[in-house]
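Peer 1: Here is a sequence together with a model predicted from it:
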Amino acid sequence: MTETKAVTQPFADPRAEDLPLDARSLFNVEGKIAIVTGGSRGLGLMMAQGLAANGGKVYVCSRKAEACNEAAAALNDRYGDGCAVSLPGDLSTLEGVEAFVAAFQAREDALHILVNNAGATHGAPFDEYPDDAWEKVMNLNVRHVFNLVRLLRPQLRAGASKEDPARVVNIASVDGIRALQTAGPTAAFAYTTSKGALIHMTKALCRALSPDRITVNCIAPGVFPSKMTKFMLAQESMRKAVEEQNPLGRNGRTADIAATLLYLTSPGGAYTNGAIIPLDGGVHLHGGSF
């Protein structure tokens, strides 16, 4: 009978304790406290589902209290009581951000995962693009993402350790990489600029927060079902056109973004820091209009 021997790494640091390599250990978020902004629908709800389904406690933030309550109730019904908490908040103003942070701090001392997903867009032709659209979009998509991270820094520090850092995950867009939506009657100049800024801010926050054992990464999604893409996907002919332009022949699904988030927020992703992950089937490297 052949003796079974353990696999050893000849140059491994003897001081380092490696993780078990089973998926349940590597991608475990059980017991972690998370905030998902814009979590009542679309990409935010998809990500909240991923965390709740795998043992996380998710604070669902949405500007509309009713939508926030409905989303949290649905998550609790599906994945177990206590996995989701409704915590409405208007993150488009500094006062709203401060009120939301105060409400969270009254409930929790530590935060392990912050997903900055809340966002806005505005479409108009170039010659008619309104100045106030810039203020609205940049405030929510960029300025107050920074303020939310800044004000929650104490709770993120409390949730962090050397072996298991706290995580900030910014949700940008492939449009922030390619600046696609800048032509026609619904050109989104402020949106694409804001998402490019959020990608760059991810790198700046990574440099600022890494010493606190807080990682900062960014997901740049392509086309997923959401309020922002409803105009494209509602019509069968247009949906098919969008799918045909994707190298993989389809649009994004809940499992795609939930799995990416689980990687970034679980032990398996603890060493990933400052990364920008396009999640679009590769469309940012191919042609196409979407």
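Peer 2: That came through fine.
Peer 1: Any buried residues in stretch 153-166, and which?
Peer 2: Within stretch 153-166, the residues that qualify as buried are 153, 155-156, 159-160, 165-166, counting by 16 or more other Cβ atoms under 10 Å. Quick note: C-beta positions are derived from backbone N, CA and C, even for glycine.
Peer 1: swap in stretch 67-79?
Peer 2: 67-68, 70-72, 74-76, 79.
Peer 1: contact partners of that stretch?
Peer 2: Under the criterion Cβ atoms under 8 Å, 6 or more residues apart in numbering, residues 39-41, 45, 48-49, 52-53, 58, 60-62, 82-88 lie in contact with stretch 67-79.
Peer 1: Tell me which entries of the buried residues of stretch 67-79 lie within helices.
Peer 2: Counting by DSSP state H, the buried residues of stretch 67-79 place 67-68, 70-72, 74-76, 79 in helices.
Peer 1: And the helix or strand where residue 170 lies, what does it pack against?
Peer 2: Element membership for residue 170, per DSSP states H and E: strand 166-171. Under the contact criterion of 3 or more Cβ pairs under 8 Å, 6 or more residues apart in numbering; DSSP states H and E, strand 166-171 touches helix 42-52, strand 113-116, helix 144-158, helix 189-209, strand 214-221, helix 254-265.
Peer 1: Quickly run through the sheet partners of that strand, with directions.
Peer 2: If you go by DSSP bridges, strand 166-171 pairs up with strand 113-116 (parallel), strand 214-221 (parallel).
Peer 1: Can you check what angle separates the longest one from helix 42-52?
Peer 2: For strand 214-221 against helix 42-52, the angle by axes from the mean of the first three to the mean of the last three Cα atoms, to 10 degrees is 130 degrees.
Peer 1: pLDDT (mean, whole number) over strand 214-221?
Peer 2: Throughout strand 214-221, pLDDT has a mean value of 98.
Peer 1: again, but for the first one
Peer 2: Taken as a whole, strand 113-116 has an average pLDDT of 98.
Peer 1: Check whether residue 187 really touches residue 130, as I assumed.
Peer 2: No - if you go by Cβ atoms under 8 Å, residue 187 and residue 130 don't touch, sitting 12.0 Å apart.
Peer 1: Beyond the strand holding residue 170, next helix or strand please.
Peer 2: For strand 166-171, the following helix or strand on the C-terminal side (DSSP H and E) is helix 175-178.
Peer 1: In this structure residue 267 contacts residue 25, no?
Peer 2: Yes - using Cβ under 8 Å, residue 267 is in contact with residue 25, at 6.7 Å.
Peer 1: These two: which has the busier surroundings?
Peer 2: residue 267 (15 against 12; other Cβ atoms under 10 Å).
Peer 1: Good, wrapping up.
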